[in-house]
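Asks: model the following, please.
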Amino acid sequence: MTSSTLEMKNISIEFPGVKALNQVNFSMETGKIHALIGANGAGKSTLMKVLSGAYNHYTGEISMEGRSLKIRSPKNAQDFGIQIVYQEVDTALIPYLTVAENIMLMDTVHNMGKRQWMKWKELHLKAAQILTKMNITVSTKKLVSELSLAEKQMILIARAVSNQCKFLILDEPTAPLSHTETSELFRIVRDLQKQNVGIIFISHRLPEIFDVCDEITIMRNGEFVVKENIAEITQNKVVEHMLGQKLEEQFPEKNATIGNTVLEVKGLSDKEKIKDLHIHVNAGEIVGIAGLVGAGKTELCKALFGAEKLTGGEVLLNGKKITLKSPYDAVMKGIALVPEERRKEGILVLESVESNLTAANLGSFSKVFSFLDRKREKETAKHLINRLGIKTPSEETKVQNLSGGNQQKVAIGKWLVAEADIYIFDEPTKGVDVGAKKDIFELIAELASRGKAIIYASSELSEIIGITDRVYVLYDGESVRELETKNTNEEELLFYSAGGR
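Replies: Prediction:
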């Protein structure tokens, strides 16, 4: 097969108050799987949005096989065979249409006006041929709303490759997937590579990058740092290039004094997932909730925050039974939740950093007649921005313009103002780079040292081992094992997480 070379030269782009890309170079060939990596805010997603036509006010040149490409819209990029699959798959699919209609959507739109009648049999046949070629066993007549998250992602990839795709950009594709689903995704990626498609793979998970990629480009602070073959670089060296310094021990030392039981859950059950759960958390203790995707971790976190309807069991706070009918009840009782889906549930993306950081405790910034004390609100926001190391042009910047790691720091920071007693973290490092992860771990350790009770739910077993004191392993909504973290390892946690008895 003949290879095509894609080049981006001296790409620069600015947004109000920030230069996101500065003279960035990027190049790769079809038939390669190329990792694009950098700390949150490094500019990798911005660079790919330029390539895919989402941003049109850039300077620099994009070319393929030496021929200059004018990419100023997604349609331009698609016409040149450049497709992108974003992390938020739900926003890119139409839930009330079938699998076939979603796969063939761009073909249908492009042909509108050329014919009056849809040839449904032909549409389903074409979609089925694409799925068969990719070895994806999903009915073309199934509604997208009925698919799992992994299946939706496969459908998006199928749509992309149905349009003579030369280069496919995958932005954090494995973040919401289980180990099994990730393996299936990698099979599809490798099959596409054999078909001479070039894959640009954005991820913060270094083991995955070293498993599936051929090459790597590293960015830092909106600039190109280095391009290497995967076989010629180590994970530690990648981290050094990302951060511009050597990464010290990622997990902080545990020096909190563990006190009395703060939260106790007895026989908790809900309508769908949670089954007769028993857990307890002490003051100053970080308790892990380990499990694979779909184990019930998120449902448990939401239940303890009053966001899930319970069918049985009881929750005790400092020995007294409490009722959690809503998140408002939980907040009033000193319970805070940093949810997994931060953009949907943890932050107000269209509001400023300042507004987000003070949103959980507006009462403390109110003056007479409930008028906000803007000066005090601004001072508090600036203090938290400095304390948490949030990279933002100012406290007035909209949160949607921050990187994923900085958005997560905002989601955590708002609860520091509210001074909760129990902090629940659900997949807090999802889509976060190694540098920001270290900051989050240190913040959680600091909360524990102040006597706060911490619940840390994650499918990242290395994090469970590194940050927690004790761990409950969930499988299919049940707690199948309670372990002292110092006496266990990732292999044992994975054994019980996968249903081992």
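Asks: I'd like the next helix or strand past whichever strand or helix holds F441.
Replies: Taking DSSP states H and E as the definition, F441 sits inside helix 434-449. Counting by DSSP H and E, the element after helix 434-449 in chain order, helix or strand, is strand 453-458.
Asks: who touches that following strand?
Replies: Residues outside strand 453-458 that contact it (CB atoms under 8 Å, 6 or more residues apart in numbering) are 262-263, 281-291, 297-298, 300-301, 304, 421-429, 444, 447-448, 463-464, 467-468. C-beta here means a position set from N, CA and C on the backbone, and glycine is covered the same way.
Asks: what about the strands in the stretch 101-250 of the chain?
Replies: 167-171, 198-202, 215-220, 223-229 (DSSP state E, counting those that start in this stretch).
Asks: circling back to that earlier point, the helix holding F441 vs strand 453-458, what angle?
Replies: If you take axes from the mean of the first three to the mean of the last three CA atoms, to 10 degrees, helix 434-449 sits at 150 degrees to strand 453-458.
Asks: quick check: buried residues in helix 434-449?
Replies: 434-441, 443-445, 447-448 (16 or more other CB atoms under 10 Å).
Asks: picking up where we left off before, among the strands of the stretch 101-250 of the chain, which is nearest K49?
Replies: strand 167-171 (9.2 Å; CB to CB).
Asks: shouldn't I62 be in contact with S68?
Replies: Yes: applying CB atoms under 8 Å as the test, I62 and S68 come out as touching, 7.4 Å apart.
Asks: who has more neighbours out of those two?
Replies: Applying other CB atoms under 10 Å to I62 and S68 shows that I62 carries more neighbours, namely 21 against 10.
Asks: what sits against that one?
Replies: Counting by CB under 8 Å, 6+ apart, I62 makes contact with 6-9, 11, 50-51, 68-69, 71.
Asks: how about those in CSV, adding pLDDT and distance to G17?
Replies: Formatted as CSV, those follow (pLDDT from 0 to 100; distance: CB to CB, whole Å):
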residue, pLDDT, distance to G17
L6, 95, 31
E7, 96, 30
M8, 96, 24
K9, 96, 26
I11, 96, 19
V50, 95, 19
L51, 96, 24
S68, 93, 31
L69, 93, 29
I71, 93, 25
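Asks: what subset of those is buried?
Replies: By 16+ other CB under 10 Å, the contacts of I62 give 6-8, 11, 50-51, 69, 71 as buried.
Asks: in strands only, show me these.
Replies: 6-8, 11, 69 (DSSP state E).
Asks: and of those residues, the nearest to I169?
Replies: L6 (10.7 Å).
Asks: hmm, that closest one is touching L168, no?
Replies: No: counting by CB under 8 Å, L6 does not reach L168; the two are 11.5 Å apart.
Asks: by mean pLDDT, flag the weakest helix or strand of the protein.
Replies: None of the helices or strands of the chain scores lower by mean pLDDT, DSSP states H and E than helix 105-111, at a mean of 68.
Asks: N22: which element?
Replies: Per DSSP H and E: strand 18-29 holds N22.
Asks: give me the sheet partners of that strand and which way each runs.
Replies: strand 5-15 (antiparallel) (DSSP bridges).
Asks: chain neighbours aside, what residue packs nearest to L304?
Replies: I424 (5.9 Å; CB to CB, 6 or more residues apart in numbering).
Asks: sorry, back to before: mind checking which of the contacts of strand 453-458 are in strands?
Replies: Those of those lying in strands (DSSP E): 262-263, 281-282, 286-290, 422-426.
Asks: and of the residues you listed, the nearest to L493?
Replies: The closest of these, once distances to L493 are taken by CB to CB, is A290, at 5.1 Å.
Asks: quick check: the gap between A303 and G53.
Replies: For A303, the distance to G53 equals 42 Å [CB to CB, to the nearest Å].
Asks: which one of these two has more residues nearby?
Replies: Higher neighbour count among A303 and G53: A303, with 24 against 19, using other CB under 10 Å.
Asks: in three-state terms, label the residue nearest to the spatial centre of the chain for me.
Replies: Geometric centre of the chain, nearest residue: G431, 3.6 Å, by CA atoms, centre = their mean. At G431, secondary structure determined by DSSP: H, G, I helix; E, B strand; the rest coil is coil.
Asks: count residues in the vicinity of the residue lying closest to it once chain neighbours are set aside, would you?
Replies: Closest residue to G431 apart from its sequence neighbours, by CB to CB, 6+ apart: G404 at 4.4 Å. Per other CB under 10 Å, the neighbour tally for G404 reads 21.
Asks: check contacts around G404.
Replies: 40, 431-432.
Asks: switch the cut-off to 10 Å
Replies: G404 is in contact with 40-41, 45, 87, 172, 175, 204, 342-343, 430-433, 436, counting by CB atoms under 10 Å, 6 or more residues apart in numbering.
Asks: same deal with L402?
Replies: With contact taken as CB under 10 Å, 6+ apart, L402 is in contact with 18, 40-41, 347, 349, 353, 356, 390-393, 408-410.
Asks: how much space is there between it and E228?
Replies: To E228, L402 is 29 Å away according to CB to CB.
Asks: what does V417 give?
Replies: Note on V417: its distance to E228, by CB to CB, is 43 Å.
Asks: which one of those two has more residues nearby?
Replies: Under the neighbour definition other CB under 10 Å, V417 and E228 were set side by side, and V417 has more, 20 against 16.
Asks: quickly find the element holding that one.
Replies: helix 404-418.
Asks: picking that back up, quick check, nearest of the contacts of G404 to E484?
Replies: K430 (25.9 Å).
Asks: now for the closest one: which residues touch it?
Replies: Here K430 is in contact with 87, 172, 175-176, 204, 340-342, 404, 408, 458-460 (criterion: CB under 10 Å, 6+ apart).
Asks: just the buried members of these?
Replies: 87, 172, 175-176, 204, 340, 342, 404, 408, 458-460.
Asks: residue contacts, P393?
Replies: Listed by CB under 10 Å, 6+ apart, the contact set of P393 reads 15-18, 353, 401-402.
Asks: of the residues you listed - the most surrounded one?
Replies: Busiest of those [other CB under 10 Å] is V353, holding 28 neighbours.
Asks: and the pLDDT for the closest residue in space to K271 that isn't next to it in sequence?
Replies: Once flanking residues are discounted, K271 sits nearest to T311: 5.8 Å by CB to CB, 6+ apart. T311 carries a pLDDT value of 89.
Asks: next: Q235.
Replies: 87.
Asks: surely it touches I209?
Replies: Yes: in this structure, Q235 is within contact of I209 by CB atoms under 10 Å, at 8.5 Å.
Asks: who has more neighbours out of the two?
Replies: Taking other CB under 10 Å, Q235 and I209 do not tie; I209 has more neighbours (20 against 12).
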